[in-house]
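J.: A structural model of the following input is requested.
(2 chains)
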Amino acid sequence: MNSKSWRGTILFAVILVTMGATVGLKLYGVGEQASSAQTSVHVSTSASGSTTSTSPSATSTPSASASATATPSATASAPAASAATATKTVTGSAVDTRYGPVQVKVTFSGTTITAVDTVQYPSESGRDVEINSQALPILQQETLSKQSAQIDTVSGATYTSEGYIQSLQSAIDQR
Amino acid sequence: MRFLETVMGIPMSIDVRDARDPRAVTQAAERAFAVLRDADERFSAYRPDSELSRVNARGGELAGVSDDFREVVELGSAMARASGGAFRIRRPDGGWDLDGVVKGWAADRAARTLADEGLCDYCLNAGGDVAVAGSPGDDRPWHVAVRSPDSATDLLAVLEERRGGVATSGAYERGAHIVDGRTGAPATQLRSATVVADDLTTADLLATAVFALGPHGVRWALGHGARAVLAVAADGTLLGVGELAFAREDTEG
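T.: Purely as a prediction, here's the structure:
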């Protein structure tokens, strides 16, 4: 299954962007304590990403970087007060993989992810394109569902598991 | 109404959303739990007086076994054939290892009991094997989260289901306990395999079979009763086929 293993790379990239963007949002005034330095994900490339914001009156320009060695260096330009509800798009850095560059864009409404788009993905061969057309929607929606959907129950292999009981309890608590 | 009971050493829950007399709902849930307890008494490998223990004590000889026992063996044997021997229920000593069949089969039967009692909107979760029917409310589908194989507190995805079963096999709870029957070695090519099917018996059998088969079992399962499969390969690659209905924010109810 080596030919498909880049999917994991894309998922990894999505996670990186999500982490970076989340830290970025926290940094820029969502009201939580900033703790960006704890994020340290090591990637081989670390070209700077870019952030655009649709919030009104983007006057202040925080200069802190959201990432330590994490890829998406979110350099947001949203005022702190409106960050919690503004729609914000964070574009991660292009990550070079053996299959080609991978770059994703995450849209937030406040701190909730509302969209994940792929800016670049491997397309060197016909096979890659074919895999992409199947895999990317899954990865995008999967990221979405993690962030937003209400949960009624949890499927997972379990036998006498403390972890399962906690998981079940959390599912009950969320109702 | 929600009910929780530990059967087979596993927490099992029944969540009924039908607007019915609470006493009728409670009675239906109690009958469903009774089905699960009966299955445990018959198929527990830890009870020396269970039918499974008695059959295995005589070398696995099936003469005179109960209809339930024969049904479970036939379900497992059919899956063993379909998977080319990757799924197996026969131990090297001739005894029966029916763990890969019993939990899903019993939970499926318990869920059917709820339907037989006239309930329409319910979710039964037997240690991670899930059977749903109808809706939790507002006519939205049930949102069945799939646990991440890497963490008990992380989710791989949230699926929408209105009818059927969702089962997940993995090596993360009980160690490498699922053996590839073709080699006799623990299956290690997948971290987890989740199967959605029209019924939980099929979903649970296929989840174990896919886990034993490895990545190529993901697509194989679509031809053997799976509606969808979501698996994580050993290297973290996400594999998904079939009608995977991911829950979206705008379907919250």
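J.: quick one: the strands in the stretch 51-200 of chain B?
T.: B:122-126, B:129-133, B:142-148, B:151-161, B:163-170, B:179-180, B:185-186, B:190-197 (DSSP state E, counting those that start in this stretch).
J.: dump the residue contacts of B:Leu4.
T.: A:168, B:11-14 (Cβ atoms under 8 Å, 6 or more residues apart in numbering or on different chains). C-beta: built from backbone N, CA, C; applies to glycine.
J.: can you pick the most crowded of the residues you listed?
T.: The residue in the contacts of B:Leu4 with the most neighbours, by other Cβ atoms under 10 Å in any protein chain shown, is B:Ile14 (27 neighbours).
J.: tell me the angle the host helix or strand of that one makes with strand B:142-148.
T.: B:Ile14 is part of strand B:10-16, with elements assigned from DSSP states H and E. Between the axes of strand B:10-16 and strand B:142-148, defined by axes from the mean of the first three to the mean of the last three Cα atoms, to 10 degrees, the angle is 160 degrees.
J.: list the helices and strands the helix or strand following strand B:10-16 packs on?
T.: Proceeding N to C from strand B:10-16, the next assigned helix or strand is helix B:22-43, under DSSP H and E. Packing partners of helix B:22-43 (3 or more Cβ pairs under 8 Å, 6 or more residues apart in numbering or on different chains; DSSP states H and E): strand B:2-7, strand B:10-16, helix B:51-57, helix B:67-82, helix B:99-116.
J.: among those, which comes closest to B:Pro186?
T.: helix B:99-116 (13.6 Å; Cβ to Cβ).
J.: and that closest one, is it in reach of chain A?
T.: No - applying Cβ under 8 Å from any Cβ of the partner chain, one finds helix B:99-116 separated from chain A by no less than 8.7 Å.
J.: for that helix, buried residues please.
T.: By 16 or more other Cβ atoms under 10 Å in any protein chain shown, the buried positions in helix B:99-116 come out as B:99-114.
J.: okay, now the sheet partners of the strand holding B:Ile14, with direction.
T.: Paired strands of strand B:10-16, with direction, are strand B:2-7 (antiparallel), strand B:122-126 (antiparallel) (DSSP bridges).
J.: by mean pLDDT, show me the worst of the strands of the stretch 51-200 of chain B.
T.: Ranked by mean pLDDT, these end with strand B:151-161 at the bottom, a mean of 78.
J.: dump the C-alpha coordinates for that strand into PDB.
T.: Below are the C-alpha coordinates for strand B:151-161, written out as PDB (Å, rounded to 0.1, in the frame of the first residue of the first chain):
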ATOM      1  CA  SER B 151      -6.100   7.400  21.700                       C
ATOM      2  CA  ALA B 152      -9.200   6.500  23.700                       C
ATOM      3  CA  THR B 153     -10.200  10.100  23.900                       C
ATOM      4  CA  ASP B 154      -9.700  11.000  20.200                       C
ATOM      5  CA  LEU B 155     -12.200  10.300  17.400                       C
ATOM      6  CA  LEU B 156     -11.300   9.200  13.900                       C
ATOM      7  CA  ALA B 157     -14.600  10.400  12.400                       C
ATOM      8  CA  VAL B 158     -18.300  10.800  13.100                       C
ATOM      9  CA  LEU B 159     -20.700   8.800  10.900                       C
ATOM     10  CA  GLU B 160     -24.400   9.300  10.300                       C
ATOM     11  CA  GLU B 161     -26.500   6.200  10.500                       C
END
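J.: list the buried residues of it.
T.: By 16+ other Cβ under 10 Å, the buried positions in strand B:151-161 come out as B:152, B:155-161.
J.: report all helices and strands that that strand contacts.
T.: So strand B:151-161, by 3+ Cβ pairs under 8 Å, 6+ apart, packs with helix A:126-148, helix A:162-173, strand B:142-148, strand B:190-197, strand B:226-233.
J.: now with 7 Å?
T.: Contact here means 3 or more Cβ pairs under 7 Å, 6 or more residues apart in numbering or on different chains; DSSP states H and E; on that basis strand B:151-161 packs against helix A:126-148, helix A:162-173, strand B:142-148, strand B:226-233.
J.: how far is it from where the chain is centred?
T.: 16 Å (Cα atoms, centre = their mean, to the nearest Å).
J.: verify the stated contact: B:Phe3 with B:Ala29.
T.: Yes - look at B:Phe3 against B:Ala29 with Cβ atoms under 7 Å: they come within range, at 4.4 Å.
J.: hey, what's in contact with both of these two?
T.: Listed as contacting both B:Phe3 and B:Ala29 by Cβ atoms under 7 Å, 6 or more residues apart in numbering or on different chains are B:Ile14.
J.: pick out whichever of these two has more residues nearby.
T.: Each of B:Phe3 and B:Ala29 has its neighbours counted (other Cβ under 10 Å); B:Ala29 has more, 26 against 17.
J.: quick check, that one in contact with B:Ser13.
T.: No - B:Ala29 is beyond contact range of B:Ser13, at 9.7 Å (criterion: Cβ under 7 Å).
J.: identify the contacts common to those two.
T.: Here B:Ala29 and B:Ser13 have B:Phe3 as joint contacts, going by Cβ under 7 Å, 6+ apart.
J.: any regions of chain A where pLDDT drops low?
T.: Residues of chain A that meet the criterion pLDDT under 70 lie in A:1-149, A:157-175.
J.: related to what we said a few turns ago, nearest to B:Ser77, of the strands paired with strand B:10-16?
T.: When these are compared by Cβ to Cβ, strand B:122-126 sits nearest B:Ser77, at 22.3 Å.
J.: between the buried residues of strand B:151-161, which is closest to chain A?
T.: Nearest to chain A among the buried residues of strand B:151-161: B:Ala152, at 2.9 Å, using Cβ to the nearest Cβ.
J.: what's the burial count for the residue of the stretch 1-150 of chain B found nearest chain A?
T.: Chain A sits closest to B:Arg147 of the stretch 1-150 of chain B, with a gap of 3.0 Å, by Cβ to the nearest Cβ. Number of residues near B:Arg147 (other Cβ under 10 Å) recorded here: 28.
J.: for it, what are its contacts?
T.: A:154-156, A:167, B:155-156, B:168.
J.: ok, B:Ala209 next?
T.: Listed by Cβ under 7 Å, 6+ apart, the contact partners of B:Ala209 are B:79, B:83, B:86-87, B:217.
J.: tell me the angle of the strand or helix carrying it relative to helix B:67-82?
T.: According to DSSP H and E, B:Ala209 maps onto helix B:200-213. Angle between the axes of helix B:200-213 and helix B:67-82 is 40 degrees (criterion: the same axes, to 10 degrees).
J.: okay, helix B:200-213 in PDB with CA atoms only?
T.: C-alpha atoms of helix B:200-213 as PDB (Å, rounded to 0.1, in the frame of the first residue of the first chain):
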ATOM      1  CA  LEU B 200     -24.500  -5.600  13.400                       C
ATOM      2  CA  THR B 201     -23.800  -9.300  13.000                       C
ATOM      3  CA  THR B 202     -22.400  -8.700   9.500                       C
ATOM      4  CA  ALA B 203     -20.600  -5.500  10.600                       C
ATOM      5  CA  ASP B 204     -18.800  -7.200  13.500                       C
ATOM      6  CA  LEU B 205     -17.800 -10.300  11.500                       C
ATOM      7  CA  LEU B 206     -16.500  -8.100   8.700                       C
ATOM      8  CA  ALA B 207     -14.600  -5.800  11.000                       C
ATOM      9  CA  THR B 208     -12.700  -8.700  12.400                       C
ATOM     10  CA  ALA B 209     -12.100 -10.200   9.000                       C
ATOM     11  CA  VAL B 210     -10.900  -6.900   7.500                       C
ATOM     12  CA  PHE B 211      -8.500  -6.500  10.400                       C
ATOM     13  CA  ALA B 212      -7.200 -10.000   9.800                       C
ATOM     14  CA  LEU B 213      -6.900  -9.600   6.100                       C
END
